[in-house]
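In: generate a structure from the sequence data that follows.
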Amino acid sequence: MKVTKAQAQANRAHVVETASQLFRERGFDGVGVADLMAAAGFTHGGFYKQFGSKTDLIAEATACGIGQTVALADGVDPVSFVQQYVSRAHRDGRATGCTMAALGGDAARQPDHVRAAFVSGIESLVADLSQQGSLAGADPAQARAKSLDVLAHAVGAIVMSRACPDDSPLADEILTACRHALLAELGQPEAAPRPRRKGDAPSRARPAK
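Out: Presented below is the predicted three-dimensional model:
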């Protein structure tokens, strides 16, 4: 049966979305074309009918994942962004979390057209955050600098927390300390975190569906 143009476009979009999640979960080098296509429900041979190379798919999947983060942050004030982003739920939701936190390190070794997707996403997030909440009425240059600082700090918190074992107390401590510092910097301090004691169980909040 011949595939219609609309169905072909839908199939391609499905492959890109599947790749976006798998790359965030396993890294760019941790997913082969055969495994990726199988996860999407297609044959290996169909890949090259849709994409010129794996790198081309990486670029599209990166743009897809970053676009999802930008859409979720649209209109969200910096305080709410920090509360949602620097959280255990986000930390544990690798496949559906922020592409910048999941793949920023991998991107440094990718071609320019892949890294360009990160540039575009960062610019979009910074521009949006700069116009929300306490930053809305600030000097544009200062608001941009503060937004960059908040975003870099938030991404770094997730990266460092994920570098720790899932049940490590340090994984939660990093998130709590960074979130507390960011909210204080934004003029919305939260209650000071209780020092962790030996034997405390780590928080295991799961991502919302």
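In: element containing the nearest residue to residue 178 once chain neighbours are set aside?
Out: In space, and not counting its chain neighbours, residue 178 is closest to residue 157: 3.7 Å by Cβ to Cβ, 6 or more residues apart in numbering. C-beta: built from backbone N, CA, C; applies to glycine. Residue 157 is located in helix 140-163, with elements delineated by DSSP states H and E.
In: from what I can see the residue nearest to residue 178 touches residue 180, true?
Out: No. Look at residue 157 against residue 180 with Cβ atoms under 8 Å: they stay out of range, at 10.6 Å.
In: quick one: which of those two has more around it?
Out: residue 157 (25 against 17; other Cβ atoms under 10 Å).
In: and residue 43, how far is that from residue 18?
Out: Distance of residue 43 to residue 18, given as Cβ to Cβ, to the nearest Å: 14 Å.
In: tell me which of these two has more neighbours.
Out: Between residue 43 and residue 18, residue 18 has the larger neighbour count (other Cβ under 10 Å), namely 20 against 11.
In: please name the residues that touch the more buried one.
Out: 36, 39-40 (Cβ atoms under 8 Å, 6 or more residues apart in numbering).
In: are any of the residues you listed buried, and which?
Out: Buried members of the contacts of residue 18, counted by 16 or more other Cβ atoms under 10 Å: 36, 40.
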